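Sequence plus predicted model, see below.
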Amino acid sequence: MTGKITFTMIKPSAFAAGHAGQILARIEEAGYRIIALKKVTLSLEQAGSFYEMHQGKPFYDELTAMMSSGPIVAAVLEKENAVEAFRTFIGATDPAKAAEGTIRKLYGKSLSENAVHGSDSDESAARESAFFFSSLEMF
Ligand code: ADP
Ligand code: MG
């Protein structure tokens, strides 16, 4: 049995390009209900903490620098089988390999500037949602 919740971020490059509204509209059109939503700029330390599971990987410094380079939009989303469905919806990590019509294909520029984040498990979705939102902010 899989959960109904996933967590997403619109990454700084997509926000800076003015795509936040379009991406949120596509998410809603795809049947996700927005449970929580905010715009925030992460410090390098906060980005490092969010992506702590990637510490030591070759792309960690580039990833955390990029994620703290400007405003992001963080959101908690609800739908049946949310984690798996959303990862299919956003497409492969590398926008060049993402399927036609996916968010990363449409709005991604490169591996690190791939437009959006999507949780990889129910456990990650819970952890990542709690990283940005209190229980009072999710409903
Ligand atoms: P995903 O976001 O698809 O779950 P990962 O969790 O593996 O992918 O990686 C987290 C983020 O790190 C990716 O969304 C991407 O922006 C970045 N990233 C992953 N691999 C690379 C890489 N080889 N070079 C640069 N950035 C990368
Ligand atoms: Mg991941």
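Thanks, I have it. Ligands and ions are numbered 1, 2, ... in the order given.

for the residue nearest the centre of the chain, what are its contacts?
Compute the mean C-alpha point of the chain, and by CA atoms, centre = their mean the closest residue is His117, 2.3 Å away. Counting by CB atoms under 8 Å, 6 or more residues apart in numbering, His117 makes contact with 7-9, 11. C-beta: built from backbone N, CA, C; applies to glycine.

who in the protein is up against ligand 1?
With the criterion set to CB under 6 Å from any ligand atom, the chain comes near ligand 1 through 59, 62-63, 93, 111-112, 114, 117, 120.

Save these as a markdown table, and put in secondary structure too.
Formatted as a markdown table, the residues of the chain next to ligand 1 follow (DSSP: H, G, I helix; E, B strand; the rest coil):
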| residue | secondary structure |
| --- | --- |
| Phe59 | coil |
| Glu62 | helix |
| Leu63 | helix |
| Thr93 | coil |
| Leu111 | coil |
| Ser112 | coil |
| Asn114 | coil |
| His117 | strand |
| Asp120 | coil |
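
Narrow the residues you listed to those that are buried.
63, 111-112, 114, 117 (16 or more other CB atoms under 10 Å).

Give me the lowest-pLDDT entry from those residues.
Checking pLDDT across those, the minimum falls on Ser112 at 92.

quick one: low-confidence ranges for the chain?
1 (pLDDT under 70).

just to revisit the earlier point, who's the residue nearest to the centre of the chain bridged to?
Met9 (DSSP bridges).

and the gap between it and Ser124?
Per CB to CB, to the nearest Å, His117 is found 10 Å from Ser124.

Now the common contact residues for these two.
Counting by CB under 8 Å, 6+ apart, the residues touching both His117 and Ser124 are Phe7.

mind listing the helices for this structure?
With DSSP state H as the criterion, the chain has helices at 12-16, 20-29, 44-50, 60-67, 82-90, 103-107, 122-132.

other SSEs contacting the third one?
Packing partners of helix 44-50 (3 or more CB pairs under 8 Å, 6 or more residues apart in numbering; DSSP states H and E): helix 60-67, helix 122-132.
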